[in-house]
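K.L.:
Quick one, fold the following:
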Amino acid sequence: MEDTIPVRKGEELDKAVLSEYLANQIPELRNHQLRIRQFGAGHSNLTYELEAGEWEAVLRRPPLGPVAPKAHDMKREYTILKALHSKFDPAPKPILLGEDSILGAPFFLMERKHGVVLDTEWPEGTRDTQRLGQAISEEMVDRLVQLHALSYEGTELEAMGKPEGFMERQVHGWIKRFNRALTDDVRSGQRLQQWLSEHIPTQAESTIIHYDYKLNNAMFDRNDYGKMIGLFDWEMTTVGDPMADLAVAMSYWMEPSDPSEIKTGLGKAPLTVESGFYSREEFLQRYAAKSGRDVEQIHVYLTFAYFKLAGIVQQIYYRYKNGQTNDERFRGMNHFVNHLLDYAEETAGL
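P.N.:
Numbers count the residues shown, from 1 in each chain. Now for the predicted structure:
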């Protein structure tokens with residue numbers, strides 16, 4: 001199944017400049033023509049496949065136009081991968097951090113992994129999907145538990161993260177981001193923001209957290225869908241509350257009983273709604289059993305996770321409405337933001 005597309009209009013890279021730069025940085029690329037394609041999935045950073053002879057890599061750069069403060073930090077993601085790829089094998093190996101002047105924006109290269117990324121459809125000809133759904137669910141839980149068990153002491157993450165007061169900063173920080181990106185066709189969410197400010201959970205421990213952990217950020221072995229071989233989009237990774245990471249994962253983990261507006265807010269419903277995949281409750285219970293952590297207060301974290309997702313989507317929609325991107329996938333995202341605010345209020349019991 002092809003996971004790349006021709007580069008979208010308006011999102012092209014300067015091929016000549018990039019070719020010269022890479023040839024100077026990586027001598028083996030000299031005398032080889034650079035080929036560029038784009039990964040079509042994703043709604044935020046721009047990600048490209050690079051090939052030259054037998055060499056291949058993935059290039060990541062921020063979206064076009066102005067970006068939110070501290071968002072889309074390529075140097076940070078590169079540093080995170082340097083710290084983690086030898087400890088957690090699904091994390092891609094970083095290759096180089098590019099200079100801003102080359103493409104007009106920060107970027108980095110990482111290894112190109114080959115496998116299956118599952119999103120809304122099974123690859124053609126896939127059989128026994130119920131068994132595969134269960135195996136994938138188990139692997140998703142177990143890899144999250146594994147990540148949360150890694151030590152961050154002595155790595156670059158120790159200096160990058162601030163474990164104390166993590167949830168307080170997250171709640172107030174995302175309230176500010178949401179309000180900064182607010183448009184006139186989206187609800188203000190003031191009642192929800194007040195509830196979140198009054199229900200900041202007490203953090204029991206700090207671990208490495210991915211903070212964007214979802215099915216379509218993972219890659220599985222083509223011959224064994226129960227084995228994760230890649231995990232991507234590490235830009236939000238930090239040291240923080242593992243319950244927040246678990247809740248963010250659950251905010252993306254749709255199930256059949258969810259409202260259609262939630263399941264299809266980003267397009268077609270994800271595969272997690274199909275038979276065989278864990279429900280959120282099953283995911284939570286396996287996580288609790290494997291990690292030994294108490295998940296009784298997960299509804300508080302999940303309320304915040306839905307609000308955080310609303311904030312992320314609103315930032316994307318804000319860029320579209322203000323003409324900073326012409327990607328038509330973003331046209332109706334304001335409706336999804338409103339549905340997420342509704343769902344967060346329901347989760348909170350408002």
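K.L.:
Return the residues in contact with the residue positioned nearest the centre of the chain.
P.N.:
Nearest to the mean C-alpha position of the chain, counting by C-alpha atoms, centre = their mean, stands residue 212 at 3.6 Å. Residue 212 makes contact with 233, 234, 235, 236, 248, according to C-beta atoms under 8 Å, 6 or more residues apart in numbering. Any C-beta I mention is one placed from the backbone N, CA and C, and that applies to glycine too.
K.L.:
Closest one of those to residue 92?
P.N.:
For the contacts of residue 212, the residue nearest residue 92 by C-beta to C-beta is residue 234; the value is 8.6 Å.
K.L.:
Near the closest one, how many other residues are there?
P.N.:
For residue 234, the neighbour count with other C-beta atoms under 10 Å is 25.
K.L.:
mind checking the SS state of it?
P.N.:
The local conformation at residue 234, judged by DSSP: H, G, I helix; E, B strand; the rest coil, is coil.
K.L.:
where along the stretch 101-250 of the chain do the strands fall?
P.N.:
Under the criterion DSSP state E, counting those that start in this stretch, strands of the stretch 101-250 of the chain are mapped to 107-110, 207-209, 218-221, 224-231, 238-240.
K.L.:
Point out the most buried one among the ones you listed.
P.N.:
With neighbours taken as mean count of other C-beta atoms under 10 Å, the strands of the stretch 101-250 of the chain reach their highest mean count in strand 207-209, at a mean of 24.
K.L.:
buried sites along stretch 332-340?
P.N.:
Within stretch 332-340, the residues scored as buried using 16 or more other C-beta atoms under 10 Å are 333, 334, 336, 337, 338, 339, 340.
K.L.:
so what secondary structure elements neighbour whichever strand or helix holds the second one?
P.N.:
Translated: residue 334. Assigned by DSSP states H and E, residue 334 belongs to helix 333-348. Judged by 3 or more C-beta pairs under 8 Å, 6 or more residues apart in numbering; DSSP states H and E, the packing partners of helix 333-348 are helix 190-198, helix 260-263, helix 298-321.
K.L.:
quick one: it to chain centroid distance?
P.N.:
19 Å (C-alpha atoms, centre = their mean, to the nearest Å).
K.L.:
got the angle between that helix and helix 190-198?
P.N.:
Using axes from the mean of the first three to the mean of the last three C-alpha atoms, to 10 degrees, the direction of helix 333-348 lies 50 degrees away from that of helix 190-198.
K.L.:
could you pull out the helices for the stretch 1-150 of the chain?
P.N.:
15-25, 74-84, 100-103, 129-149 (DSSP state H, counting those that start in this stretch).
K.L.:
Would you mind finding the most buried of the ones you listed?
P.N.:
helix 74-84 (a mean of 21).
K.L.:
and that helix, average pLDDT?
P.N.:
Taken as a whole, helix 74-84 has a mean pLDDT of 93.
K.L.:
Check what contacts it and list those residues.
P.N.:
For helix 74-84, contacts defined as C-beta under 8 Å, 6+ apart pick out 60-62, 91-94, 97-98, 105-108, 110, 150, 155-157, 160, 208, 234-235, 237.
K.L.:
ok, now with 6 Å
P.N.:
Around helix 74-84, the neighbours that count as contacts under C-beta atoms under 6 Å, 6 or more residues apart in numbering are 91, 94, 97, 106, 107, 108, 155, 156, 157, 234, 235, 237.
K.L.:
what's the farthest-apart pair in the residues you listed?
P.N.:
107 and 155 (23.1 Å).
K.L.:
per-residue confidence at residue 280?
P.N.:
The score at residue 280 is 97. That number is its pLDDT.
K.L.:
residue contacts, it?
P.N.:
250, 253, 255.
K.L.:
Just the residues you listed: which are in helices?
P.N.:
Per DSSP state H, helices hold the following members of these: residue 250.
K.L.:
Look up how far residue 59 lies from residue 52.
P.N.:
According to C-beta to C-beta, to the nearest Å, residue 52 and residue 59 sit 12 Å apart.
K.L.:
Looking at the two, which one has more neighbours?
P.N.:
residue 59 (25 against 20).
K.L.:
For residue 216, list the residues it contacts.
P.N.:
Contacts of residue 216 by C-beta under 6 Å, 6+ apart are residue 119.
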